[in-house]
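Trainee: the sequence and its predicted three-dimensional model are supplied below.
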Amino acid sequence: MTTTDPTPKYTVPGIEREAAGRLIDVLRLRLHALNDLHLTLKHVHWNVVGPQFIAVHQMIDPQVEQVRDMADDVAERVAALGGVAQGTPGALVSERTWDDYSIGREDAIAHLGALDLVYTGLIEDLRAAIKVVGEIDPATEDLLIGQLRDLEQFQWFVRAHLENAGGSLATARADTELDAATAAKD
């Protein structure tokens, strides 16, 4: 059960319980974001079509596995801090601050355009989380920084399909996943 007060009854040595509660609160949303990303990537994997199908299909699965490992690391950090790692779909849906992925069966480039925006939002939120936890705990900060590097690399893989020889990104002006999917196809 999620409570409004994430302050644990105990935590790791050297961190006050209230500070651990702040860490747990930040990590809770990171866990939801990673679980959501895992499911979104599998959705893309199952629903991608077109001439670049196999390249995207095979590019996505290693990202899925790595994101699942990231979620596990975050959940275990929450538990180590004395918190409860809520990994249920209900907790994810009720606590997330973003909308569901909006692209269904579509060609590879459209999905990659939408994923570019997904990764942008995720990376921006993760950078903000790193600032918060960095003031409290270097171990949690280190965990999130490592994940940031991996997620930025995944976005680079996606963007390599969306960039032209002049360095312009097809999704540069898109504000929504649908806009990004459309722009990527044009």
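Mentor: Nice, thanks for sending it over. Residues are numbered from 1 along each chain as shown.

Trainee: tell me where the model's unsure across this protein.
Mentor: Scanning the chain for pLDDT under 70 picks out 1-4.

Trainee: ranges for the helices of it?
Mentor: Along the chain, the segments classed as helices by DSSP state H run 17-47, 53-80, 89-95, 108-134, 138-160, 177-185.

Trainee: I'd like these laid out as TSV, including distance to S168 and mean neighbour count.
Mentor: Just so you know, the C-beta spots here come from the backbone N, C-alpha and C atoms, and that holds for glycine as well. TSV is the format used below for those (distance: least, Cβ to Cβ, whole Å; neighbours: other Cβ atoms under 10 Å):
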stretch	distance to S168	mean neighbour count
helix 17-47	23	20
helix 53-80	21	17
helix 89-95	35	13
helix 108-134	13	20
helix 138-160	11	17
helix 177-185	11	20
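
Trainee: P8: which of these is closest?
Mentor: helix 17-47 (5.5 Å; Cβ to Cβ).

Trainee: elements contacting the closest one?
Mentor: If you count contacts as 3 or more Cβ pairs under 8 Å, 6 or more residues apart in numbering; DSSP states H and E, helix 17-47 packs onto helix 53-80, helix 89-95, helix 108-134, helix 138-160.

Trainee: so which other helices or strands are in contact with the last one?
Mentor: Think helix 138-160. helix 17-47, helix 53-80, helix 108-134.
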